[in-house]
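# just to be clear, the model below is a prediction. Sequence and coordinates:
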Amino acid sequence: MIVRRRFLGSVLAMNLLALSFIAACDDRKNSSLVKVSDVAHTPVKRQSIGNCWLYATSTWAESLHLSATNTVVNLSESYWTYWDWYYKLVSSNRSKINTGGGWKLASTIIAKHGYMLENEFIAEEADNEMSRRQYEAEEAINLALTEGALKDPDSRTPENVMNALDKAFGVKMSETRAKAHSASDLVTGSNNNNGSKRVLADEIAGGRHQWRVLDYPQLFGTNPRETFLIRRQRAKVLDRVLRAVNDKKPVIMSTMIEFSALNTESNATFDYDLYINRGYSSGQGGHLVVLEDYVVDNVPGVGSIGEGDVSPELKDAALRGDVRYLVTKNSWGTDREERGLSDGYTRFTMKYLNNPLPFGLDDDESDISRASWFSALSDFIVPPEY
């Protein structure tokens, strides 16, 4: 069955059974191939609700800090989730919390409320791969909206909403927020011009230093000239993205998930040919991930270049090859057989990302002719210098 397109994670909430809570890093390199890049990443986490966009933003910030300081930091996605829900609930008419969002919304929350570490917000979950508290909080808030303290929209005052969220998350935000750190406290790099430290506030602030959304052009119709121009634009976008990855920058990618395209027997790879063979039937949901690496074929004088890190010369050569797939750090946990995961990293073939997928059908519709068609890949979040 084809499911209506749901942006940014609502169908990606995780089952809470049979969990492995302790994060782990496994050897994910393929030594049979020459290697390309290797963005520094912190341990993989597992989302329990549809807030992949906050997990992607968190791992992006953690990666920047790790590269700049060689220090692992464990940011609290639950803290940002609390504030996201606060603004969505105050003076709202909702009957159910919307957990979706994007990098720009996350940046707004960080700019206003800074960040907290996992052990500062919900201490008992500091070493957990997945937050059970978020899952329980979503259930508690939805219950409050339908038959509890927030049932009447007129009751959704800032004070009442915060009281409900405090109860749901098991915190006292009026006291806990004093532990929050400013976005200016997290070092993310250095300025090349004067050697001064860059901080998280620089990366999300408006202006020329802010990371930017780089749209990936959609391809409609079969007009040869239009097709040629769109493909050329796509190549330019991908070149900018890969140059950033070559320099070990944690680029965020926004894509559409079609689970029938997921090859669980091949390194958790989203494969377009597999999707077609399965007849288009799947669950859909928008999703954010962070790039770690890529694999290319037909590199002049080299051939194929696989996963891992190589010399600057080979990285430059890789840009002249044909990208086979992108390697991404996901927020689906480290070791999950049903997702094909053994290290928390998911692969997306360019054929899957470039080809049209059917969206826009209701849950009970199966007539593919009624669908709208878009490529799975929508945009990247890239550093300002790329």
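Received it, and whenever you're ready, just let me know what you need.
# which residues touch A106?
For A106, the residues meeting the contact criterion (C-beta atoms under 8 Å, 6 or more residues apart in numbering) are 53-54, 57, 80. (C-beta placed from N, C-alpha, C; glycine too.)
# where along the stretch 51-200 of the chain do the helices fall?
52-69, 77-89, 103-113, 118-121, 132-147, 158-169, 173-176, 200-204 (DSSP state H, counting those that start in this stretch).
# can you tell me which of those is most buried?
Counting by mean count of other C-beta atoms under 10 Å, helix 52-69 has the highest mean neighbour count of the helices of the stretch 51-200 of the chain, with a mean of 24.
# average pLDDT for it, rounded please.
Across helix 52-69, the average pLDDT comes to 97.
# also stretch 112-121?
pLDDT averaged over stretch 112-121 gives 97.
# stretch 299-316 too?
On average, stretch 299-316 scores 90.
# may I have that stretch as CSV, with CA atoms only?
Coordinates of each C-alpha in stretch 299-316 appear next as CSV, following Å, rounded to 0.1, in the frame of the first residue of the first chain:
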residue,chain,number,x,y,z
VAL,A,299,37.2,7.6,-11.5
PRO,A,300,39.8,8.4,-14.3
GLY,A,301,43.0,6.5,-13.7
VAL,A,302,41.7,4.9,-10.4
GLY,A,303,38.4,3.1,-11.0
SER,A,304,36.2,2.7,-7.9
ILE,A,305,36.9,4.5,-4.6
GLY,A,306,35.0,3.1,-1.6
GLU,A,307,34.3,4.0,2.1
GLY,A,308,36.9,5.6,4.4
ASP,A,309,39.6,8.3,4.2
VAL,A,310,42.2,9.0,1.6
SER,A,311,44.7,11.5,0.4
PRO,A,312,43.7,15.0,-0.9
GLU,A,313,44.8,13.9,-4.4
LEU,A,314,42.4,10.9,-4.4
LYS,A,315,39.6,13.0,-3.0
ASP,A,316,40.0,15.5,-5.8
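# pull out the buried residues from it.
299, 302, 304-308, 310, 314-315 (16 or more other C-beta atoms under 10 Å).
# so which of these comes closest to S174?
E307 (46.9 Å; C-beta to C-beta).
# output the contacts of A106 as TSV; include the columns distance to I381.
TSV is the format used below for the contacts of A106 (distance: C-beta to C-beta, whole Å):
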residue	distance to I381
W53	11
L54	14
T57	9
W80	16
